[in-house]
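S.K.: model this:
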Amino acid sequence: MSAPRVESIACSSPTGIHQMAYYDWGDPDNPDVLLCVHGLTRNGRDFDEVAKRLSKRFRVVCPDVVGRGLSDWLVNPAGYQVPQYAADMVSLIGRLQPKTLNWVGTSMGGLIAMVYSALVAKAQSGKAPVPPARLTASIPDSVVPITRLVLNDVGPRVEPESLARIGAYLGDLTQYDSFEEGLAYMRQTAQSFGLQTDEQWEMFTRHYFVQKDGHWIKHYDPNIAMGFAGMTPEMMAKGEEYLWHVYSKITSDILVLHGVESDLLTAESVARMQASNARTQVRSIEGVGHAPSLLKDHEIDLLESFLV
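M.R.: Residues are numbered from 1 along each chain as shown. A predicted model of the protein is given here:
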């Protein structure tokens, strides 16, 4: 399959209804679903190469998290938080009605998966840990558990140094006169992804920018920076404590892809993840920081061997 079907679903927030776009690969009647959820400023097209290969086995669904790509922007930027994203995934999964659900989450997409797992536990038993106020989300009576979970260079702890780096580029609203200028910018700022060839850089950049009024701009709502900036150290500490608790209770098989040079997921955090949950497997990728791009064959091989 060379191109996905482009669909959307209506999701709710405290300020109203928004449409979340998603890319649907493979047989739409396949009950085995692989949900691929991207990082903070990226979008669902990050997983094109993954989907082209794995859609032979799964129905691969790759959403644009609200505020990114083809999805609507929120009226209130304060809503750009993991609880809202997790609630939107509940809506999407409810539409897909999978028999089995597998999940690949890059960075933010992995945090969403962990919160979703807590929502599943709460729906099934009512005994999940109560999250901090900013991590609450409404849930239906029945949700689908994750069978296999891939966390792409993310865990319960996010290092402060990486947050500072991310915040610096998040608010950069520079416009470019050509796609080639945008590509040059990506080559300077995204070296940690470990891309090597011109083709990889072009694929990585292709959907990150959109042309508007004769310029190339980043394909996300710049106001997502407000939700990001609103996280205080105290909130981050409470969120981390909650996520470690959640992580220890996850019953899915877990694969952690760790960029050896990552400034977001350290070797110490990876070791704690293994100690916290015996279901954790780890594959370290040399020459890559945050985060493995999942554009290279050997990276997709790791996913395939775990998921299939």
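S.K.: How far off centre is stretch 243-258?
M.R.: 15 Å (CA atoms, centre = their mean, to the nearest Å).
S.K.: swap in stretch 118-127?
M.R.: On CA atoms, centre = their mean, the centre of stretch 118-127 falls 22 Å from the chain's centre.
S.K.: Can you name the next helix or strand after the least confident helix or strand in the chain by mean pLDDT?
M.R.: Across the helices and strands of the chain, mean confidence by mean pLDDT, DSSP states H and E is lowest for helix 224-229: a mean of 82. Next helix or strand after helix 224-229 toward the C-terminus (DSSP states H and E): helix 233-249.
S.K.: neighbouring strands for the helix or strand following that next one, and are they parallel or not?
M.R.: Later in the chain than helix 233-249, the nearest helix or strand by DSSP H and E is strand 253-259. Applying DSSP bridges, strand 253-259 is found paired with strand 146-152 (parallel), strand 280-285 (parallel).
S.K.: C-alpha coordinates for strand 253-259, CSV please?
M.R.: C-alpha atoms of strand 253-259 as CSV (Å, rounded to 0.1, in the frame of the first residue of the first chain):
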residue,chain,number,x,y,z
ASP,A,253,4.6,-6.6,26.6
ILE,A,254,6.9,-3.6,26.3
LEU,A,255,9.8,-2.8,24.0
VAL,A,256,11.8,0.3,24.7
LEU,A,257,13.8,1.7,21.8
HIS,A,258,16.6,3.7,23.3
GLY,A,259,18.7,6.2,21.4
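S.K.: List the buried residues for the helix or strand where residue 273 lies?
M.R.: When elements are assigned from DSSP H and E, residue 273 belongs to helix 267-276. Buried residues in helix 267-276, counting neighbours by 16 or more other CB atoms under 10 Å, are found at 269, 270, 272, 273, 276. The way it works is simple: take the backbone N, C-alpha and C, and place the C-beta from them, glycine included.
S.K.: Sort out which one of those lies nearest residue 100 for me.
M.R.: residue 273 (23.4 Å; CB to CB).
S.K.: Could you check how far the closest one is from residue 283?
M.R.: 13 Å (CB to CB, to the nearest Å).
S.K.: Going along the chain, name the helices of the stretch 51-200 of the chain.
M.R.: 82-96, 108-125, 160-170, 179-189, 198-206 (DSSP state H, counting those that start in this stretch).
S.K.: For this structure, give me the ranges with low pLDDT.
M.R.: Along the chain, the model assigns pLDDT under 70 to residues 126-142.
S.K.: any idea which residue of this protein is furthest from its center?
M.R.: Distance from the C-alpha centroid of the chain peaks at residue 214, with 29.8 Å (CA atoms, centre = their mean).
S.K.: OK, contacts around that one?
M.R.: Counting by CB atoms under 8 Å, 6 or more residues apart in numbering, residue 214 makes contact with residue 177.
S.K.: The residue lying closest to residue 215 once chain neighbours are set aside: how many residues sit nearby?
M.R.: Sequence neighbours aside, residue 175 is the residue nearest to residue 215 in space, at 4.0 Å (criterion: CB to CB, 6 or more residues apart in numbering). Using other CB atoms under 10 Å, residue 175 has 14 other residues around it.
S.K.: And residue 175, how close does it get to residue 209?
M.R.: In terms of CB to CB, residue 175 sits 9 Å off from residue 209.
S.K.: what's the overlap in contacts for the two?
M.R.: 216, 217.
S.K.: give the contact list for residue 48.
M.R.: Contacts of residue 48 by CB under 8 Å, 6+ apart are 4, 203.
S.K.: Could you say which of the strands paired with strand 253-259 is packed most deeply?
M.R.: strand 146-152 (a mean of 25; mean count of other CB atoms under 10 Å).
S.K.: Closest to the geometric centre of this structure, which residue is that? Let me know.
M.R.: residue 109 (1.9 Å).
S.K.: Distance check, the closest residue to it other than its chain neighbours against residue 270.
M.R.: The spatial neighbour of residue 109 that comes closest, neighbours along the chain excluded (CB to CB, 6+ apart), is residue 37 at 3.1 Å. Using CB to CB, residue 37 is found at 20 Å from residue 270.
S.K.: Okay then, goodbye and thanks.
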